[in-house]
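Peer 1: give me coordinates for this.
(one chain, ligands or ions: 1)
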Amino acid sequence: MSEEIKHEKCAIIGSGPAGYTAAIYAARASMNPVVFTGKDPGGQLIQTTDVDNFPGYPEGVIGPDMMEDFRKQAERFGTRVEYELIGKVDFTKQPFQLWTEGGRAITADTVIIATGATAKWLGIEGEQRLMNKGVSACAVCDGFFFRGMEVVVVGGGDTAVEEATYLAKLCPKVHLLVRRDELRASKAMQARLKAAENIEIHWNTEAQEVLGAEEVEAVRVINNKTKEESVIKAQGFFVAIGHKPNTDLFKGILDMDETGYLITEPDSTHTNIEGVFAAGDVQDKKYRQAVTAAGTGCMAALDAEMYLAEKEAE
Ligand code: NDP
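Peer 2: Residues are numbered from 1 along each chain as shown. Okay, here's the model as predicted:
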């Protein structure tokens with residue numbers, strides 16, 4: 001006998017600030033949402049320690065604790081949280097169909113995608129070991145803890161330049177490691193870089209190892225042209241070589257840009273499929289903050305509610 005397929009008004013894929021904020025709003029609008037957490041319940045904030053820039057926490061908050069608060073708040077209004085990964089979707093007809101990795105099928109009137117993005121790492125010695133002990137992928141989140149210290153930033157794109165210039169306001173010296181002899185960053189961003197006197201660009205330079213017993217103390221680098229090795233003393237190591245949006249599941253189904261970010265209609269969370277919405281880092285390569293993700297999560301739930309109301313009025 002085949003298992004009965006459960007029908008949902010609103011299925012939310014992803015459990016970071018965007019997913020849970022969408023759930024809080026959807027639950028309060030009587031949409032009885034279900035959140036599929038994915039493989040990292042709580043999203044990227046689970047990997048951080050102190051969060052000092054999320055409004056409402058005057059003393060700061062530990063990332064995992066904050067995500068626990070998000071979940072509890074969503075559950076308080078009746079959100080159901082399923083600790084499962086969605087492995088397949090069919091958005092070709094209403095109701096939409098989703099399958100968990102375990103093969104369980106559900107149908108849904110609306111789907112909110114909040115699967116986030118994953119920071120790319122170099123994979124060098126010391127990087128994972130010293131994670132949150134000086135190694136970071138977000139200057140805006142963690143830069144404050146490095147005030148008055150020397151730091152290294154890796155990358156040559158807009159993110160790296162943005163992070164370096166942000167850190168240059170807090171730190172006496174910023175070393176920017178660029179693997180080629182030119183930057184990928186836009187001309188406007190390059191101008192910002194030139195204006196900062198305390199940023200030293202190390203061209204053709206790659207990080208080989210992050211050094212330090214308990215915390216980052218230095219970075220071993222190599223010039224890939226001369227093969228000369230050296231050590232840069234620094235307490236912070238910021239990797240800014242790009243993010244990968246978690247959109248493999250939606251390839252060929254939803255419109256994406258050339259780097260895989262979901263495309264939403266301007267000033268909304270609508271994707272190219274009516275009834276499917278996207279919120280958070282999965283559709284935002286520019287701001288990527290917990291608070292902006294939460295904001296678009298709210299928008300997605302409101303968009304889904306309006307969509308359902310319009311459908312019911314038809
Ligand atoms: P990008 O892919 O644009 O740049 C990645 C950078 O990291 C490149 O310089 C690349 O080098 C370097 N890199 C990649 N892998 C390695 C590695 N293993 N070792 C050393 N260096 C490496 O990513 P960004 O995150 O910078 O930007 C992503 C998108 O977001 C872009 O479209 C960007 O314009 C946009 N953005 C816009 C902002 C704004 O408008 N304010 C702010 C931030 C991002 P190489 O050049 O040699 O490939």
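Peer 1: how close does Val153 sit to Ala313?
Peer 2: 52 Å (Cβ to Cβ, to the nearest Å). Any C-beta I mention is one placed from the backbone N, CA and C, and that applies to glycine too.
Peer 1: more neighbours, the two?
Peer 2: Neighbours per residue (other Cβ atoms under 10 Å) separate Val153 from Ala313, with Val153 holding more: 30 against 6.
Peer 1: pretty sure that one sits in a helix.
Peer 2: No. Counting by DSSP: H, G, I helix; E, B strand; the rest coil, Val153 is not part of a helix but strand.
Peer 1: that one: what's it in contact with?
Peer 2: Val153 makes contacts with Ala139, Ala160, Glu163, Ala164, Leu167, Val174, His175, Leu176, Leu177, Phe238, Ala240, as judged by Cβ atoms under 8 Å, 6 or more residues apart in numbering.
Peer 1: quick check: end-to-end length of stretch 52-66?
Peer 2: Start-to-end span of stretch 52-66 (Cα to Cα, to the nearest Å) is 11 Å.
Peer 1: for that stretch, which positions count as buried?
Peer 2: For stretch 52-66, a neighbour-count test (16 or more other Cβ atoms under 10 Å) marks Asn53, Phe54, Val61, Gly63, Pro64, Met66 as buried.
Peer 1: in strands, which of the contacts of Val153 appear?
Peer 2: Val174, His175, Leu176, Leu177, Phe238 (DSSP state E).
Peer 1: the last one is in contact with Glu150, isn't it?
Peer 2: If I follow you right, that is Phe238. No. Using Cβ atoms under 8 Å, Phe238 is not in contact with Glu150, being 11.9 Å away.
Peer 1: just to revisit the earlier point, now, among the ones in strands among the contacts of Val153, which is nearest to the ligand?
Peer 2: Comparing those against the ligand with Cβ to the nearest ligand atom places Leu177 closest, at 7.1 Å.
Peer 1: give me the number of neighbouring residues for Asp303.
Peer 2: Neighbourhood size, Asp303 [other Cβ under 10 Å]: 23.
Peer 1: surely it is in a strand?
Peer 2: No. Asp303 sits outside any strand when classified using three-state DSSP, being helix.
Peer 1: how close does the closest residue to the ligand within the stretch 151-300 of the chain get to Gly242?
Peer 2: Among all residues of the stretch 151-300 of the chain, Gly157 sits closest to the ligand, at 2.4 Å; criterion: Cβ to the nearest ligand atom. Note on Gly157: its distance to Gly242, by Cβ to Cβ, is 6 Å.
Peer 1: now do Thr165
Peer 2: In terms of Cβ to Cβ, Thr165 sits 17 Å off from Gly242.
Peer 1: return the distance of the lowest-mean-pLDDT helix or strand in the chain from the chain's centre.
Peer 2: When the helices and strands of the chain are scored by mean pLDDT, DSSP states H and E, strand 50-51 comes last with a mean of 82. The chain centre lies 15 Å from the centre of strand 50-51; the measure is Cα atoms, centre = their mean, to the nearest Å.
Peer 1: do stretch 293-307 as well
Peer 2: Worked out by Cα atoms, centre = their mean, stretch 293-307 lies 18 Å from the chain centre.
Peer 1: in it, what counts as buried?
Peer 2: For stretch 293-307, by 16+ other Cβ under 10 Å, it's 293-305, 307.
Peer 1: just the CA atoms of that stretch, as PDB, please.
Peer 2: Extracted in PDB, the C-alpha atoms of stretch 293-307 (Å, rounded to 0.1, in the frame of the first residue of the first chain):
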ATOM      1  CA  ALA A 293      18.300  37.400   4.900                       C
ATOM      2  CA  ALA A 294      15.700  37.700   7.700                       C
ATOM      3  CA  GLY A 295      14.200  40.700   5.900                       C
ATOM      4  CA  THR A 296      13.800  38.800   2.600                       C
ATOM      5  CA  GLY A 297      12.400  35.800   4.500                       C
ATOM      6  CA  CYS A 298       9.700  38.100   5.800                       C
ATOM      7  CA  MET A 299       9.000  39.300   2.300                       C
ATOM      8  CA  ALA A 300       8.800  35.700   0.900                       C
ATOM      9  CA  ALA A 301       6.100  34.800   3.500                       C
ATOM     10  CA  LEU A 302       4.100  37.900   2.700                       C
ATOM     11  CA  ASP A 303       4.500  37.200  -1.000                       C
ATOM     12  CA  ALA A 304       3.300  33.600  -0.500                       C
ATOM     13  CA  GLU A 305       0.400  34.800   1.600                       C
ATOM     14  CA  MET A 306      -0.700  37.300  -1.100                       C
ATOM     15  CA  TYR A 307      -0.300  34.600  -3.800                       C
END
